[in-house]
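Novice: Next comes the sequence, and after it the predicted model I'd like to discuss.
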Amino acid sequence: MSFISEFREFALKGNVVDLAVGVIIGGAFGKIVDSMVGDVIMPIVGAVVGKIDFSNLYVVLGSVPAGVANNLADLKKAGVPVLAWGNFVTIAINFAILAFVIFVMIKQINRLKRAEPAAPAAEPVTPEDVLLLREIRDALRKQA
């Protein structure tokens, strides 16, 4: 089997295609969760805490050079060490929401799988040697 044909067989297996579809849908779903966290949940948390933009909370670990604005983006561009703890909290909340949504989805999928009616059991296939022995038994009973 050539290298190309082995690769084609691997790439066209159902699991690889399913994984690719899952990664693509997961990426799109991640963007939805990012938007939900950034545009819906974090503004509410920020209003309760008293800050407008929670992801811009940071602590400068060095000195701010002259002429650099005191905001997170400009400080990072200038190479100033910054502990961006607000961004970390935003990402941690994003992860928790994503994990919760996936948990609920898998729980629903498992519930739907259990709800499917069981397929009727197929008649067990009698082995050929047992059938032959039964024929011999029946023939012997007829002779007796």
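Specialist: Right, received. Where do you want to start?

Novice: How many residues are close by Ile109?
Specialist: 10 (other CB atoms under 10 Å). For the C-beta atoms, the positions are set from N, CA and C on the backbone; glycine is no exception.

Novice: For it, give me the pLDDT.
Specialist: If you check Ile109, the pLDDT there is 80.

Novice: in what helix or strand does it lie?
Specialist: helix 85-115 (DSSP states H and E).

Novice: How far does that helix sit from its chain's centre?
Specialist: Helix 85-115 has its C-alpha centroid displaced from the chain centroid by 9 Å (CA atoms, centre = their mean, to the nearest Å).

Novice: Quick check: which ranges of the chain have low pLDDT?
Specialist: 1, 14, 51-53, 115-119 (pLDDT under 70).

Novice: go with 90
Specialist: 1-80, 82-133, 140, 142-144 (pLDDT under 90).

Novice: so Gly62, which of the three states?
Specialist: Per DSSP: H, G, I helix; E, B strand; the rest coil, the secondary structure class of Gly62 is coil.

Novice: What about it, how many residues nearby?
Specialist: 11.

Novice: do Asp74 as well
Specialist: Asp74, neighbours per other CB under 10 Å, totals 13.

Novice: Figure out the helix or strand that it lives in.
Specialist: Going by DSSP H and E, Asp74 is part of helix 72-77.

Novice: Who are the packing partners of the next helix or strand after that helix?
Specialist: The helix or strand immediately downstream of helix 72-77 is strand 82-83, counting by DSSP H and E. For strand 82-83, the packing partners by 3 or more CB pairs under 8 Å, 6 or more residues apart in numbering; DSSP states H and E come out as strand 59-60, helix 72-77.

Novice: ok, and what's touching the longest one?
Specialist: What it means is helix 72-77. Residues outside helix 72-77 that contact it (CB atoms under 8 Å, 6 or more residues apart in numbering) are Asn56, Tyr58, Val60, Val64, Val68, Ala69, Val82, Ala84, Asn87.
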